[in-house]
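**Q** only geometry, no sequence info:
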């Protein structure tokens, strides 16, 4: 589904990604871990197409197409979803109106008819229930006045509504208490599907107690320096990132 | 591509830019005492009207065009304007079917059918084409409850006592350069009177259309809500696309007696000029309401997306104790548009209250200014005002300016002013695009959200209209 080869990117003239290789197949859950400043967030922004990041080398292929050549909205409509570390507030725009516009943009792209307000409301209320979100949030402005946990849950609601093929979750666990973490993890687990892939970007192991990954990668200094199974995350939790740096120097 | 197709494409943003071939009764260009007399004569006016016009004209001769506003334009040649242009009636109008078919077709094309059965139910319309009112719908239905709704010309003929009593009672003929000019040469407009205790059963509206070349439109609207009466009123405006600038200098006067309430909404979509700033309407308008009795309420809501220059400050004189004034405004300045708009809230009565919500959006090379005054007189014990002025910038070549002016003459009043300026956020745009929205749809969504507080004040049908209009007016503003 996603083939990243030797991906290099910079921001503000500073090289951040220095040759990332990663292959993600449908049905897999990958966790990308790493110390602060290793390029984790940059990787998800580059894949989603955010302005301000320059790809200086390498490639990213999504379902056989050149992902990096697509506009951000086209990537989204093709099924790439980024759950933001810091979801953005859009004052005056109701959550349900926003969700409907996004949902219909994706449907239109697929050549499916747009869904009217009535059926959509029913559909989105079901989805809200599935992520244990009070339907009252649907009438509030997008993320405005939401607590950190509510914002993250709202991201998961969007994920549930849009049903992307490739979900990139950027530090979705940060700022969540344990109950919120469980709800969010549960929402993501429900979306695990043989046709769907999930890439979790996280600093801590604790999210992985609830979403068990198939693969764990360590990003350090702009490269993936180690890959393994879920046990790698546990080792990182116990021993920190220092031993990887040492191993790298030793190699 | 055929030439016409290119033209259509270029014109797609302003879909009201067409002209209609209508036989017009016009007077020659220029302004003089004779022209003022001629207008009055064409309208068969009683002598009090002619005298009032002449006083205004003579006063105007000694006045200077104001220069304090944050707008720049070449000098207007007041002798290069046609002050009266009316579509020639084929014969005396006995019913709506006899409105010149071209004129009727024009309003159809604008989405304002003049046949009552096709109208939006529950909205009565007075249609003003160039200098005259061509049709007023639902007059009979309204008359049954005692509501008078007609063209200004008809009001002068049929209700001269009301016109004489209230004309100039809020905006005197000496008021300001443009209002004084209007007082001398105004040719038509709408008149509305809601008798004591009557709640007007339908929305009233006036639709203004400028068609003829080189004309100026000078209309006057007068709305009187007697004690305990209630009315909601809406005006809409469009004009053809022309390379020359055209002047529109209107006056609106509102009088709300004790316990009466007037809600006045405007969707102003005059031709704004092209992308390079060529052409467009100069919109110099004086709007003022007087809360004459206790607990009266006047609410202005405006959505200003058109015009090359907008210069208007819908205001409230809060004379009656416990009276309430409100001003909700959205003003958009795109390409080379300039908007200088705001309000004056003059608190005189005790415990009077006013609210000001202003949302300015600047894009392209547009310049948008909020200019407001809150004046609390010594007599206005316990008065309260809350003002909120927000500016949103799209791009880096546009400007937003705020000129608030507070004058408080007693110590028992509360005045609050909040202001913010923000640039449309890269973060917001990326967030929406990451969910599948195009840049244009994302901008439209953010801007409409920004305007929501004001759109919520509009009657429902028009809120939908305002939403669409905002998206069309923003087209091409983000590249």
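**A** The structure has been received and is ready for your questions. Keep in mind it's a predicted model, so treat the numbers as computed, not measured.

**Q** and the residue in chain A positioned nearest to chain B, how many residues sit next to it?
**A** Closest contact between chain A and chain B, by C-beta to the nearest C-beta, is at residue A:92 (3.0 Å). (Glycine included, C-beta is placed from N, CA and C.) Neighbour count for residue A:92, taken as other C-beta atoms under 10 Å in any protein chain shown: 21.

**Q** list the contacts for it?
**A** Under the criterion of C-beta atoms under 8 Å, 6 or more residues apart in numbering or on different chains, the neighbours of residue A:92 are A:141, B:448-453.

**Q** And for residue B:256, nearest residue in space, chain neighbours not counted?
**A** Nearest residue to residue B:256, sequence neighbours excluded (C-beta to C-beta, 6 or more residues apart in numbering or on different chains): residue B:296, at 4.0 Å.

**Q** Quick check: residues of chain A near chain B?
**A** A:48-52, A:71-73, A:75-77, A:81-82, A:84, A:87-93, A:98, A:101-102, A:105-106, A:109, A:141, A:158, A:162 (C-beta under 8 Å from any C-beta of the partner chain).

**Q** For PyMOL, write a command that selects the buried ones of the residues you listed.
**A** This is how PyMOL selects the buried members of the residues of chain A next to chain B, with burial counted by 16 or more other C-beta atoms under 10 Å in any protein chain shown:
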select buried, chain A and resi 48+49+50+72+73+75+76+77+81+82+84+87+88+89+90+91+92+93+98+101+102+105+106+141+158+162
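
**Q** Restricted to helices, list the residues of chain A next to chain B.
**A** Among these, the residues falling in helices (DSSP state H) are A:48, A:72-73, A:75-77, A:98, A:101-102, A:105-106, A:109, A:158, A:162.

**Q** OK, contacts around the residue of chain B found nearest chain A?
**A** Using C-beta to the nearest C-beta, the closest approach of chain B to chain A is made by residue B:449 at 3.0 Å. Applying C-beta under 8 Å, 6+ apart to residue B:449 gives the contacts A:90-93, A:141.

**Q** Remind me which helix or strand it belongs to.
**A** Secondary structure assignment for residue B:449, by DSSP states H and E: helix B:439-455.

**Q** Low-confidence ranges, the stretch 51-200 of chain A, go.
**A** For the stretch 51-200 of chain A, no stretch has pLDDT under 70.

**Q** which residues in it form strands?
**A** Remark: strands assigned in the stretch 51-200 of chain A by DSSP state E, counting those that start in this stretch are A:53-62, A:65-66, A:80-83, A:90-94, A:141-142, A:166-170, A:197-202.

**Q** Buried deepest among those, which one?
**A** By mean neighbour count, with neighbours taken as mean count of other C-beta atoms under 10 Å in any protein chain shown, strand A:80-83 ranks first of those at a mean of 26.

**Q** Partner strands of it, with direction?
**A** Take DSSP bridges as the rule and strand A:80-83 pairs in its sheet with strand A:166-170 (parallel).

**Q** hmm, who's touching the strand it pairs with?
**A** Taking C-beta under 8 Å, 6+ apart as the rule, strand A:166-170 contacts A:1-2, A:24, A:40-41, A:44, A:47-48, A:62, A:79-85, A:159, A:188, A:191, A:196-202.
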